[in-house]
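Asker: Make a model of this:
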Amino acid sequence: MSETDEIKEWQTQSVKHKVAAVLILDRVSFSFNEENGIMFTAPESYVEKLKERLMYAYGCSVRPIINEIK
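Answerer: Next up is the predicted model:
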């Protein structure tokens, strides 16, 4: 298993409605609260592809900020 395949925890406040829609389409479970926004687990490689998809396929004008929860 490469480092990018390791499952990590992620959090975002960026374009929450679009992030949630894509996670639902991809069947990735997530939680939401006002303080932390959307939180989910996924490999780093998925998150990098998610950012690209949000920009090019879902019309985000800037690259979404999705941070790893340490």
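Asker: now the strands for the protein?
Answerer: With strands called from DSSP state E, the chain shows them at 7-12, 30-33, 37-43, 67-68.
Asker: which secondary structure elements does the longest one contact?
Answerer: In terms of contacts (3 or more Cβ pairs under 8 Å, 6 or more residues apart in numbering; DSSP states H and E), strand 37-43 is packed against strand 7-12, helix 16-25, strand 30-33. C-betas here are computed from N, CA, C, even on glycine.
Asker: just the CA coordinates of it, formatted as CSV?
Answerer: Coordinates of the C-alpha atoms in strand 37-43 are reproduced here as CSV (Å, rounded to 0.1, in the frame of the first residue of the first chain):
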residue,chain,number,x,y,z
GLY,A,37,-17.8,21.5,8.3
ILE,A,38,-17.7,18.2,6.4
MET,A,39,-15.6,15.4,7.8
PHE,A,40,-14.8,12.2,6.0
THR,A,41,-12.2,9.4,5.5
ALA,A,42,-10.5,8.6,2.2
PRO,A,43,-7.1,8.0,0.7
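Asker: residue ranges with poor pLDDT in this protein?
Answerer: The model of the chain has pLDDT under 70 over residues 1-4.
Asker: remind me, longest helix of it?
Answerer: helix 44-56 (DSSP state H).
Asker: and it, which residues are buried?
Answerer: 44, 46-47, 50-51, 53-54 (16 or more other Cβ atoms under 10 Å).
Asker: what do you get for stretch 36-45?
Answerer: 37-38, 40, 42-44.
Asker: residues in contact with it?
Answerer: 3-14, 16, 19-20, 23, 28-33, 50, 68-69 (Cβ atoms under 8 Å, 6 or more residues apart in numbering).
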